[in-house]
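> predicted coordinates and the sequence they were generated for:
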Amino acid sequence: MPIKRALLIGVDAYPHVPPLNGCVNDAQVMRSVLVDSFGFSADHISLLVNDQATRAGILSALDALVSDTGPDDIVVFHFSGHGSRIADREGDEPSGFDSTIVPFDAARPVGDAPDITDDEIHLRLEALAQKTGFITLIFDSCHSGTITRDDFGERARSIPADTRLASELPPSPIPADRRQPLRAAGPSGWMPLADKYVLIAGCRDEEQSYEYRPPEGGGAVVHGALTYFLCQQLRRASATTSYRDVFERTAALVNAVNNPQHPQMEGRIERAVFGVTDFAPAAFVRILEREGDAVLLAAGAAHGMTVGSTFGAFAQGTTDPKASAAAAIGEVEITEVQSVTALARIRREEPAGGIVPGARAFEQAHAFRDQRLTVAFAPADDVDGKVAALRTRIEGSRLVAVAAGEAQASACIYRLAARAELSPSSPVPQAGALAEARWAVVGTTGDLLMPLAPLDETNALVENLERLAKYRQALAIENADPHSRLRGHFTLALQRLGDDRQTWAEATPAPAPSTEGGLIVFDEGDIIRVVIRSSHDAPVFVSLYDFGLSASIGQIYPARGAQEMLRAHGELACQAQRLGLPAVYPLAGSIDPARPVEGLESVKLFVTEQAADFSAFAQDGVRSDAASSSPLAMLLSSAFHGRTTRDMEPVPLGDEDWTTASISFVLRRRLKEV
């Protein structure tokens, strides 16, 4: 019988290059997801963290993985750490550089332990592919470090290239008879495209992968943005969930918090996740430890745990709490969320002492966290009180909050003084020279989130912050109920209008050797339509929204105020739309004139069993009353109007079923002909 195997690597404590924060967390949470949700045995998972992940240690572990793998085994390789580049010694890279992962003992500008190149990984991947076609590669790192950005925000997982010439490096580790002719990698820059594996990467070749601090843990918990959102989607996967299903949701969430970062997927994207079709999704969380009335749960921030959520406790071995209601032994409430674990207090217990390590906890009410956009203020001379006035204005917002510390902030507000030229210490260098003082808002990637604003336009600045908060919150909304009957039964397809302006054709990512990373690409001016498809056995109500590049949210279907049903196993083609990029996009940053201007746009579907009108929640038509008291309407109301109290009551799972589906695509500005 095939064995499920994994090699998971996370490096934070680099001794010779800038350290990172969330890579070990990434490796640990991926291990948890594989064991608890996909039936991997801990005995077949190799975990290398920090000083274990030397060049020799990683290569030895890769060789052992190849040696141990049997026919049709399921194999996962995950790396979180720095990426970089090194001179190509084999003559197979069009750019003249190999993409690399940076081991623990690497150094810059030179070091005795060179990086591990994509060629070295590919050589072992070829040997692995001779034994099995069920291979998943995940790189939450990058190798581009050329973007001009501000110092605020999370760390990018790349370091400058090894500057040595090929002749100055140790001899190539690739045997001469195994070197390949000139080849091009996929859009992530890691591996040549092939049908033997699926590769998921944090970003495109020229972009950066960033770390992310979720609100849980007060900013102390750090993960890679890709790994954080990917693991949440994997936890909600079923035996029939494809890589495309997981990737589309993940990419939209990453892009919502880090606009310049576009995750990539290459290879066998329609295959079931990890090639696994023989497991029952795990809807429970294991109780690891107990001390007094406190218990430790085996799930944390990247699993979707939130403070205030409640779980029913059941005896070890329980698989269906609804069929085992009499066997419930108590209830716990989450009090603290860490990276891969959570603390909870026992609210009730029958019999006393019945909740023991090994028991299983099933979520029964989910506390949706306060998702207000948190901002910090950069130190500034405030002789005229304008910074204080802006702070007061933000403190009165229900959608934006001043963070307790920079680590907890999603954006930083700068008061930039007039400047004739830039110095090495100038904040927000992409703003350039300034004739007069301006407000600037920078996100966690160090890039501007909106156009610069005059100091007197505080209302417009706060409105832009609130618009961004609404966009992020609405795009992130998902039903946390693992028993949802609707989840997975609705898909979105994009169609483009043919040249004859009469026929429609399904838009799909270009096949290998595509350079678009599993994403569909449209040009501005293209006419498209969205098709909603259902495999559910009952009619439902549907609402479809477009999440644009400038944080706009537009309703696509149905018409404002209407409530439309989609029949069981039905299909619905929405009205045609002409695509266009907003005039202010991109907002800032150095743009290579030889490259197209592009961004990731998302379309999101909300599905409910009961009639619900959500048209009031579009960005250009918000009103103060919610259209329904359903769980979804409560969440949308909170996203668009803010909460009237600090916390919202936990939403009981299973009371009313609803789900979402999304699809993202690249929208590109046509290059002008010279």
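Here it is on my side, so go on.
> C-terminal to the strand or helix carrying E126, what's the next element?
For E126, the enclosing helix or strand under DSSP states H and E is helix 118-129. Past helix 118-129, heading to the C-terminal end, the next element that is a helix or strand (DSSP H and E) is strand 134-140.
> so what are the sheet partners of that following strand and their directions?
Strand 134-140 has these partner strands in its sheet, going by DSSP bridges: strand 74-80 (parallel), strand 197-201 (parallel).
> pLDDT averaged over the shortest one - what is it?
Averaging pLDDT along strand 197-201 yields 87.
> next, the angle from it to helix 118-129.
150 degrees (axes from the mean of the first three to the mean of the last three C-alpha atoms, to 10 degrees).
> which positions in strand 197-201 come out as buried?
Residues of strand 197-201 classed as buried under the neighbour-count rule (16 or more other C-beta atoms under 10 Å) are 197-201. From N, CA and C alone the C-beta is placed, and that goes for glycine too.
> nearest to E363, of those?
Proximity to E363 was ranked across those by C-beta to C-beta; first place goes to I200, at 26.5 Å.
> quick revisit: who are the packing partners of the helix holding E126?
Helices and strands touching helix 118-129, by 3 or more C-beta pairs under 8 Å, 6 or more residues apart in numbering; DSSP states H and E, are helix 55-68, strand 97-101, strand 134-140.
> need these in CSV with distance to Y14, mean neighbour count and mean pLDDT, can you?
Putting the helices and strands packed on helix 118-129 into CSV (distance: least, C-beta to C-beta, whole Å; neighbours: other C-beta atoms under 10 Å; pLDDT from 0 to 100) gives the following:
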stretch, distance to Y14, mean neighbour count, mean pLDDT
helix 55-68, 13, 16, 96
strand 97-101, 12, 26, 80
strand 134-140, 15, 25, 92
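> got CSV for the ones you listed, with distance to T341 too?
Putting those into CSV (distance: least, C-beta to C-beta, whole Å) gives the following:
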stretch, distance to T341
helix 55-68, 25
strand 97-101, 27
strand 134-140, 20
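> which of those sits closest to I413?
By C-beta to C-beta (comparing all of those), the closest turns out to be strand 134-140, at 28.8 Å.
> alpha carbons of the closest one, as PDB, please.
Taking Å, rounded to 0.1, in the frame of the first residue of the first chain, the C-alpha atoms of strand 134-140 are listed here in PDB:
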ATOM      1  CA  PHE A 134       2.100  12.000  -6.500                       C
ATOM      2  CA  ILE A 135       4.600  14.800  -5.700                       C
ATOM      3  CA  THR A 136       3.800  18.200  -4.100                       C
ATOM      4  CA  LEU A 137       6.400  20.900  -3.800                       C
ATOM      5  CA  ILE A 138       5.700  24.000  -1.700                       C
ATOM      6  CA  PHE A 139       8.200  26.900  -1.600                       C
ATOM      7  CA  ASP A 140       7.300  29.800   0.800                       C
END
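> what's the angle between that strand and strand 97-101?
90 degrees.
> show me how far strand 134-140 is from its chain's centre.
Remark: strand 134-140 is offset 15 Å from the chain centroid, using C-alpha atoms, centre = their mean, to the nearest Å.
> i'd like the first residue to be 28 from this point on
I'll keep to 28 as the first residue from here, and by that count the last item is strand 161-167.
> contacts for it?
Contact with strand 161-167 is made by 29, 50, 53, 57, 99-107, 110, 128, 152, 155-156, 184, 215, 217-218, 223-229, 236, 251, 253-254, 257, 298, 301-302, as judged by C-beta atoms under 8 Å, 6 or more residues apart in numbering.
> longest single helix anywhere in this structure?
When secondary structure is assigned using DSSP state H, the longest helix within the chain turns out to be helix 485-503.
> rewinding a little: for the strands paired with strand 161-167, which one sits closest to A91?
Distances from A91 to each of the strands paired with strand 161-167 were compared using C-beta to C-beta; the shortest belongs to strand 101-107, at 12.0 Å.
> related to what we said a few turns ago, could you dump the strands paired with strand 161-167 to CSV with distance to L606?
What follows is those, written out as CSV (distance: least, C-beta to C-beta, whole Å):
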stretch, distance to L606
strand 101-107, 35
strand 224-228, 26
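> so which of those is nearest S561?
strand 224-228 (26.6 Å).
> work out the gap between the next helix or strand after that closest one and the centre of the chain.
Proceeding C-terminally, strand 224-228 gives way to strand 238-239 as the next helix or strand, assigned by DSSP H and E. On the basis of C-alpha atoms, centre = their mean, strand 238-239 is displaced by 10 Å from the centre of the chain it belongs to.
> by contact count, what packs against strand 238-239?
Applying 3+ C-beta pairs under 8 Å, 6+ apart, one finds that strand 238-239 makes contact with strand 250-251, helix 252-262.
> and the longest one with strand 161-167, angle?
Going back to what we said before, that points to helix 252-262. On the basis of the same axes, to 10 degrees, helix 252-262 is oriented at 140 degrees to strand 161-167.
> tell me which other helices or strands helix 252-262 touches.
Judged by 3+ C-beta pairs under 8 Å, 6+ apart, helix 252-262 is in contact with helix 50-65, strand 161-167, strand 224-228, strand 238-239, helix 270-284.
> can you list those in JSON lines and add distance to S437?
Output for these, formatted as JSON lines (distance: least, C-beta to C-beta, whole Å):
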{"stretch": "helix 50-65", "distance to S437": "19"}
{"stretch": "strand 161-167", "distance to S437": "20"}
{"stretch": "strand 224-228", "distance to S437": "24"}
{"stretch": "strand 238-239", "distance to S437": "10"}
{"stretch": "helix 270-284", "distance to S437": "7"}
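> closest one to G459 among these?
Proximity of those to G459 was assessed by C-beta to C-beta; the nearest stretch is helix 270-284, lying at 25.6 Å.
> can you dump the C-alpha atoms of that closest one in PDB for me?
What follows is helix 270-284, C-alpha atoms only, in PDB (Å, rounded to 0.1, in the frame of the first residue of the first chain):
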ATOM      1  CA  TYR A 270      -5.300  21.800  -5.900                       C
ATOM      2  CA  ARG A 271      -7.100  24.400  -8.000                       C
ATOM      3  CA  ASP A 272      -9.900  24.600  -5.400                       C
ATOM      4  CA  VAL A 273      -7.500  25.200  -2.600                       C
ATOM      5  CA  PHE A 274      -5.200  27.500  -4.600                       C
ATOM      6  CA  GLU A 275      -7.900  29.900  -5.800                       C
ATOM      7  CA  ARG A 276      -9.100  30.600  -2.300                       C
ATOM      8  CA  THR A 277      -5.500  30.900  -1.000                       C
ATOM      9  CA  ALA A 278      -4.300  33.200  -3.700                       C
ATOM     10  CA  ALA A 279      -7.200  35.600  -3.200                       C
ATOM     11  CA  LEU A 280      -6.600  35.800   0.600                       C
ATOM     12  CA  VAL A 281      -2.800  36.300   0.100                       C
ATOM     13  CA  ASN A 282      -3.400  39.000  -2.500                       C
ATOM     14  CA  ALA A 283      -5.900  40.800  -0.200                       C
ATOM     15  CA  VAL A 284      -3.300  41.300   2.500                       C
END
